[in-house]
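Undergrad: Have a look at this prediction, sequence included:
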Amino acid sequence: MGVVTVSELKPSISGKRSFRPNSSIRHATEWPISDVSSDLTVEVGASSFALHKFPLVSRSGKIRKLLLEAKDSKVSRISLLTVPGGAEAFELAAKFCYGINIEFTLSNIAMLRCVSHFLEMTEEFAEKNLETRAESYLKETVLPNISHSISVLHRCETLVPTSEEIHLVSRLINAIANNACKEQLTSGLLKLDHNFPSKTISSMEPETPSDWWGKSLNVLNLDFFQRVLSAVKSKGLKQDMISKILINYAHNSLQGIAVRDPKVLKKQRVIVEAIVSLLPTQSRKSPVPMAFLSSLLKAAIAASASTSCRSDLERRIGLQLDQAILEDILIPATSSQNSHCTIYDTDSILRIFSIFLNLDEEDDEDSHLRDESEMVYDFDSPGSPKQSSILKVSKLLDTYLAEVALDSNLLPSKFIALAELLPDHARIVSDGLYRAVDIFLKVHPNMKDSERYRLCKTIDCQKLSQEACSHAAQNERLPVQMAVQVLYFEQIRLRNAMNGGNNQFFFGGLNGQFPQRSGSGAGSGAISPRDNYASVRRENRELKLEVARMRMRLTDLEKDHVSMKQELVRTHPANKLFKSFTKKLSKLNALFRINSIKPIGGGKSSSESRFPFQKRRRHSVS
């Protein structure tokens with residue numbers, strides 16, 4: 001074991017005595033502090049320090065006890081193997097024992113506080129000893145400041161378990177939590193309340209100010225970070241601020257997730273599971289951005305996180321699915337050596353969409369007790385909050401289906417399960433679903449006829465646009481039954497167009513409402529009892545409107561029919577005689593109407609009014 005001198009004592013620029021580090025290796029007897037040779041060698045780890053007993057014993061209770069307990073009264077060597085902070089910390093303590101003025105900084109304060117406890121440098125052995133000086137610096141400089149407390153807490157990570165024994169870690173964590181919540185109340189608008197984009201973010205790191213204290217937490221290890229987050233949550237820090245802290249920490253910690261090193265993956269798995277456990281409470285109005293949740297789920301799948309962790313993330317994404325974009329739900333499947341592995345994890349997406357479709361609105365539990373007139377929205381109308389969300393999600397699913405349809409390894413059963421997922425009223429137009437189905441049929445030409453028929457059955461031909469119908473009628477990949485159905489509805493469309501009508505029942509209702517399809521598969525199972533009730537109400541309204549339209553249409557047709565007959569009589573040459581005869585009849589009818597009018601005085605019999613010809617004959621005879 002080599003013997004290394006600590007340093008040389010020389011005056012500094014300020015006039016104070018201090019140690020100047022010496023890079024050369026000296027023997028312990030070359031101690032330069034005084035002309036008296038050293039009488040004690042202290043071994044700290046792999047280093048040795050040639051010192052003197054008196055200055056050490058005068059301030060360190062531990063060294064005093066070691067010398068008193070030694071069997072040899074002239075002991076000249078002691079070993080300190082577990083000094084917190086190692087040789088560097090002991091060197092600073094030795095300087096302090098010799099009366100050298102050492103500088104307290106954020107980098108060494110944790111070390112000095114721990115070594116002062118280890119060496120028992122308390123007021124019991126000397127006035128204004130190292131422990132008292134360290135405590136004073138902590139209280140005046142470190143604990144009142146959040147960033148300073150975080151910096152010192154980071155230094156405590158290498159000083160465990162001593163830093164835990166003296167409660168330095170817990171004091172720093174409590175100080176961070178208290179100051180953060182105090183700052184939130186007093187100056188939150190300046191440092192804490194920053195508005196960040198909630199729907200789409202280009203990266204996981206929010207645009208926080210450079211001096212924001214939350215970024216300082218990134219230096220902490222996972223254990224200390226969890227303890228700090230738990231403390232600030234218990235003290236009442238806002239959930240959106242907690243989310244931003246988690247986003248910052250995840251951005252700096254979850255690096256190299258694509259590396260297949262087992263050690264790296266294990267570390268990443270622990271970090272992901274810890275971050276998920278610290279997320280705010282699940283809700284539809286969660287402050288956690290969708291892009292961040294999606295990134296966490298991708299990291300959890302890549303790192304083989306626990307099932308509970310993945311389920312938690314899937315539910316959070318399902319709660320906010322109407323805020324997602326395509327990139328958020330393109331979850332890569334776990335890579336394997338199997339050449340038939342799919343590109344995307346469709347099972348996870350199926351669960352996420354199912355969670356969204358089975359959501360209960362926060363106010364739904366009492367909605368059935370309210371009177372119908374008190375409802376602000378028609379629950380199933382396009383303007384209602386839930387219906388608008390379902391329409392967004394339906395477009396998202398159709399886009400997703402078109403993307404995953406390009407995967408030749410995707411099983412038809414999985415694709416069909418996704419296509420059948422939405423209820424009938426979720427789509428106003430089925431063009432997106434038709435496009436996805438057509439792509440899947442093209443990429444999978446060897447599908448069974450039963451699977452092909454079931455897949456095409458998910459398309460509502462009544463909701464296809466004219467362009468999609470024209471394409472489907474000529475699409476050889478579709479089953480014959482669907483092509484016939486498309487032609488049938490197209491014929492109805494043409495007939496309505498020729499008649500000048502607008503059949504809203506089949507194509508393009510104003511409100512986007514359509515009759516329920518039979519045999520829609522699993523999709524109909526997603527409708528809740530309230531959806532069924534709203535659907536019945538909607539159908540009743542539509543039927544009433546349809547009856548009124550039909551009556552008006554019937555009246556118009558009758559008028560058109562009479563006009564056509566009159567036009568034929570007016571224009572045809574062979575009907576001139578009929579025309580003159582009609583004029584004579586009209587004159588006779590006018591005369592009949594005059595004779596049939598009763599005088600005001602009344603008194604004529606009903607028989608005379610009913611038989612005008614008999615009355616005229618009697619007058620002629622007389």
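TA: Cool, the structure landed.
Undergrad: Domain-wise, how is the chain divided?
TA: Here the domain assignment for the chain is 40-142, 143-191+211-237, based on the TED database.
Undergrad: for the record, mean pLDDT for the first one?
TA: Averaged over domain 40-142, pLDDT sits at 89.
Undergrad: Could you work out the end-to-end span of that domain for me?
TA: 35 Å (Cα to Cα, to the nearest Å).
Undergrad: go on, the shortest one?
TA: By Cα to Cα, the extent of domain 143-191+211-237 from end to end equals 18 Å.
Undergrad: that older thread, show me the one of the domains of the chain that comes nearest Pro412.
TA: For Pro412, the closest of the domains of the chain is domain 143-191+211-237, at 43.4 Å, according to Cβ to Cβ. All C-beta atoms are positioned from the backbone trio N, CA, C, and that covers glycine.
Undergrad: Make TSV out of the domains of the chain and add distance to Asp407.
TA: Supplementary listing: the domains of the chain in TSV, determined by distance: least, Cβ to Cβ, whole Å:
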stretch	distance to Asp407
domain 40-142	54
domain 143-191+211-237	36
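Undergrad: all helices of the stretch 101-250 of the chain, in order?
TA: 109-118, 130-137, 146-156, 162-165, 168-191, 222-235, 239-253 (DSSP state H, counting those that start in this stretch).
Undergrad: Let me know which of the ones you listed is tucked in deepest.
TA: Mean neighbour count (mean count of other Cβ atoms under 10 Å) peaks for helix 109-118 among those, with a mean of 26.
Undergrad: Could you list every helix and strand that that helix packs against?
TA: On a contact count with 3 or more Cβ pairs under 8 Å, 6 or more residues apart in numbering; DSSP states H and E, helix 109-118 meets helix 86-97, helix 130-137, helix 146-156, helix 162-165, helix 168-191.
Undergrad: Please convert these to TSV, extending it with distance to Ser286.
TA: Listed next are the helices and strands packed on helix 109-118 as TSV, based on distance: least, Cβ to Cβ, whole Å:
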stretch	distance to Ser286
helix 86-97	45
helix 130-137	41
helix 146-156	25
helix 162-165	34
helix 168-191	19
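Undergrad: wait, which of those helices is closest to Leu396?
TA: Comparing those under Cβ to Cβ, the one sitting nearest is helix 168-191, at 35.5 Å.
Undergrad: counting contacts, what elements does that closest one pack onto?
TA: Helix 168-191 packs on helix 109-118, helix 146-156, helix 222-235, going by 3+ Cβ pairs under 8 Å, 6+ apart.
Undergrad: what would those look like in TSV with distance to Ile317?
TA: Below are the helices and strands packed on helix 168-191 laid out as TSV (distance: least, Cβ to Cβ, whole Å):
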stretch	distance to Ile317
helix 109-118	41
helix 146-156	31
helix 222-235	21
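Undergrad: of those, which approaches Ser408 most closely?
TA: Nearest of the helices and strands packed on helix 168-191 (Cβ to Cβ): helix 222-235, 41.0 Å.
Undergrad: In which helix or strand does Arg452 reside?
TA: Arg452 is located in helix 449-457, with elements delineated by DSSP states H and E.
Undergrad: so who does the residue lying closest to Ser465 once chain neighbours are set aside touch?
TA: Nearest residue to Ser465, sequence neighbours excluded (Cβ to Cβ, 6 or more residues apart in numbering): Asp431, at 5.4 Å. Asp431 sits next to Leu464, Ser465, Glu467, Ala468 when contact means Cβ atoms under 8 Å, 6 or more residues apart in numbering.
Undergrad: swap the cut-off to 7 Å and go again
TA: Neighbouring residues of Asp431 by Cβ atoms under 7 Å, 6 or more residues apart in numbering: Leu464, Ser465, Ala468.
Undergrad: Also Ser79?
TA: Glu43.
Undergrad: Please export the C-alpha coordinates of whichever strand or helix holds Asp398 as PDB.
TA: Per DSSP H and E: Asp398 is located in helix 385-404. Taking Å, rounded to 0.1, in the frame of the first residue of the first chain, the C-alpha atoms of helix 385-404 are listed here in PDB:
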ATOM      1  CA  PRO A 385     -69.700  15.500 -27.200                       C
ATOM      2  CA  LYS A 386     -69.400  11.700 -27.200                       C
ATOM      3  CA  GLN A 387     -70.600  11.300 -30.800                       C
ATOM      4  CA  SER A 388     -68.100  13.800 -32.000                       C
ATOM      5  CA  SER A 389     -65.400  11.900 -30.200                       C
ATOM      6  CA  ILE A 390     -66.600   8.600 -31.800                       C
ATOM      7  CA  LEU A 391     -66.500  10.100 -35.200                       C
ATOM      8  CA  LYS A 392     -62.900  11.200 -34.700                       C
ATOM      9  CA  VAL A 393     -61.900   7.800 -33.400                       C
ATOM     10  CA  SER A 394     -63.700   6.100 -36.400                       C
ATOM     11  CA  LYS A 395     -61.600   8.100 -38.800                       C
ATOM     12  CA  LEU A 396     -58.500   7.300 -36.800                       C
ATOM     13  CA  LEU A 397     -59.300   3.600 -36.900                       C
ATOM     14  CA  ASP A 398     -60.000   3.600 -40.700                       C
ATOM     15  CA  THR A 399     -56.600   5.300 -41.300                       C
ATOM     16  CA  TYR A 400     -54.900   2.700 -39.000                       C
ATOM     17  CA  LEU A 401     -56.600  -0.200 -40.800                       C
ATOM     18  CA  ALA A 402     -55.300   1.200 -44.200                       C
ATOM     19  CA  GLU A 403     -51.800   1.300 -42.700                       C
ATOM     20  CA  VAL A 404     -51.700  -2.200 -41.100                       C
END
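Undergrad: buried ones in the helix or strand that comes right after that helix?
TA: For helix 385-404, the following helix or strand on the C-terminal side (DSSP H and E) is helix 412-419. Judged by neighbour count using 16 or more other Cβ atoms under 10 Å, the buried positions of helix 412-419 are Pro412, Lys414, Phe415, Ile416, Ala417, Leu418, Ala419.
Undergrad: Spatially, what comes nearest to the third one if we skip its sequence neighbours?
TA: In space, Phe415 comes closest to Phe440 once its chain neighbours are excluded; the distance is 5.6 Å by Cβ to Cβ, 6+ apart.
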